[in-house]
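**Q** test case, fold it:
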Amino acid sequence: MKNIAIFASGEGTNAERIVRYFLENSTIRVAIIITNKPNAGVIKRAKSLGIHTAFLTKEELQGERIMEVLKEYDIDFIVLSGYLAKISDEILHIFPNRIINIHPSLLPKYGGKGMYGLKVHQAVLDAKDKESGITIHYINSEYDKGEVIVQEKCEVLDSDTAESLAERVHKLEYKYFPETIEKLLS
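**A** Next up is the predicted model:
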């Protein structure tokens, strides 16, 4: 059994999709969802699905506590899903090429610190790009600079708002993120 830890900071819609995708899988499972926000919506979603959760402070995420949690749940792979904090160098060292993230643009465009959510989609619109999409990538010590695993695209419409573009990008995330995780772990 391969055990996944999902790190999430927000509502957790992608995390929920990933958990649901692997519920009937006999070789891969989400063992725990870790958050850095005590009131994150992902906590409620995880509990409704019977998934263990852990809230860890910034200090705990950079110290021994995070390592204890990852060891306790025998984690093989880490998935960042709307996680808005930097991963420590220690975790990067212990999990080389076993931590992935999803970004709501076609990196290297519109990545980096502070580029998340509607900010990304508005930047795409402001640049008058004709396409956007998602990038699933390994993480390294720099925001959104890890090796690209998969990119999937969607058209940017003249009538788009940041919200309407976000809806189409979310559909790509929901489809391709769990599938990519499964391919990487199989």
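**Q** every contact and neighbour count from this point should use C-alpha atoms.
**A** Will do.
**Q** how near is Glu72 to Ile51?
**A** Shown here: Glu72 relative to Ile51, a distance of 14 Å by Cα to Cα, to the nearest Å.
**Q** so between the two, which is more surrounded?
**A** Neighbours per residue, other Cα atoms under 10 Å: of Glu72 and Ile51, the larger number sits with Ile51, 17 against 9.
**Q** right, and the more buried one touches Arg29 too?
**A** No - here Ile51 does not reach Arg29: they are 9.9 Å apart, not a contact under Cα atoms under 8 Å.
**Q** spit out the contact partners of the residue positioned nearest the centre of the chain.
**A** Note on the chain: the residue nearest the mean C-alpha position is Ser81, at 2.1 Å, using Cα atoms, centre = their mean. For Ser81, the contacting residues are 6-9, 12, 14-15, 101-102, taking Cα atoms under 8 Å, 6 or more residues apart in numbering as the criterion.
**Q** got phi/psi on it?
**A** In terms of degrees, to the nearest 10, the main-chain angles of Ser81 are phi -140, psi 90.
**Q** biggest helix in the protein, by residue count?
**A** Of all segments of type helix in the chain, defined using DSSP state H, the longest is helix 162-185.
**Q** tell me which other helices or strands that one touches.
**A** Counting by 3 or more Cα pairs under 8 Å, 6 or more residues apart in numbering; DSSP states H and E, the packing neighbours recorded for helix 162-185 are helix 13-22, helix 118-126, strand 131-138, strand 148-155.
**Q** export the second one to CSV, keeping only CA atoms.
**A** Below are the C-alpha coordinates for helix 118-126, written out as CSV (Å, rounded to 0.1, in the frame of the first residue of the first chain):
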residue,chain,number,x,y,z
LEU,A,118,-7.9,34.2,-9.1
LYS,A,119,-4.6,36.2,-9.2
VAL,A,120,-3.3,33.7,-11.7
HIS,A,121,-6.4,33.7,-13.9
GLN,A,122,-6.6,37.5,-13.9
ALA,A,123,-2.9,37.6,-14.9
VAL,A,124,-3.7,35.3,-17.9
LEU,A,125,-6.6,37.6,-18.9
ASP,A,126,-4.6,40.8,-18.5
